[in-house]
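Novice: Fold the stuff below for me.
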Amino acid sequence: MSEYSEHDVQRTVTELEGKSATAARIFDLRRIIGGLFVIYGVIVMIAGFTASDAEIAKAEGVNINLWTGLGMLLLGLFFLVWLKLRPTAPPVAEDDTSE
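Specialist: This next block holds a predicted model:
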């Protein structure tokens, strides 16, 4: 006879499925990539705002840090908006009916 009741087993399975779904959402690559691009984009944009005339002249009159930072920021925001609009589906439990 088992020391665990059917209710205890079902509750444990439900808790593990919830933790698995949470881990899948936390480690979604869109969140990681989007967050990094937003952070680096802001840093590069700050470098673009503080660029001297000599640095801009070196890049043939284009404030490359500002434009690159803006592009990185927009890409990062795209990933985060994509994550918000299309969240990760929870994992589907596999049935073990092959026995």
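
Novice: Please identify the helix or strand for the closest residue to residue 30 other than its chain neighbours.
Specialist: Of all residues not flanking residue 30 in the chain, residue 83 sits nearest, at 4.3 Å (Cβ to Cβ, 6 or more residues apart in numbering). Yep, even glycine has a C-beta here, placed from its N, CA and C like the rest. Element membership of residue 83, judged by DSSP states H and E, is helix 64-85.

Novice: tell me which residues of that helix are tucked away?
Specialist: For helix 64-85, a neighbour-count test (16 or more other Cβ atoms under 10 Å) marks 64-66, 68-69, 72-73, 75-76, 79-80, 83 as buried.

Novice: Redo those residues as a markdown table? Include pLDDT.
Specialist: As requested, those are exported to a markdown table (pLDDT from 0 to 100):
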| residue | pLDDT |
| --- | --- |
| 64 | 95 |
| 65 | 95 |
| 66 | 96 |
| 68 | 97 |
| 69 | 97 |
| 72 | 98 |
| 73 | 97 |
| 75 | 97 |
| 76 | 97 |
| 79 | 94 |
| 80 | 94 |
| 83 | 89 |
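
Novice: Residue 80 is in contact with residue 31, correct?
Specialist: Yes. The pair residue 31 and residue 80 qualifies as a contact (Cβ atoms under 8 Å) at a distance of 7.2 Å.

Novice: which residues touch the helix holding residue 83?
Specialist: Outside of helix 64-85, the residues within contact range by Cβ atoms under 8 Å, 6 or more residues apart in numbering are 28, 30-31, 33-49, 51, 55.

Novice: how does it look with 10 Å?
Specialist: Residues from elsewhere that reach helix 64-85 (Cβ atoms under 10 Å, 6 or more residues apart in numbering): 25, 28-51, 55-56, 58-59, 62-63.

Novice: Just the ones in helices from those residues, please.
Specialist: 25, 29-49, 55-56, 58 (DSSP state H).

Novice: Cool, thanks, talk later.
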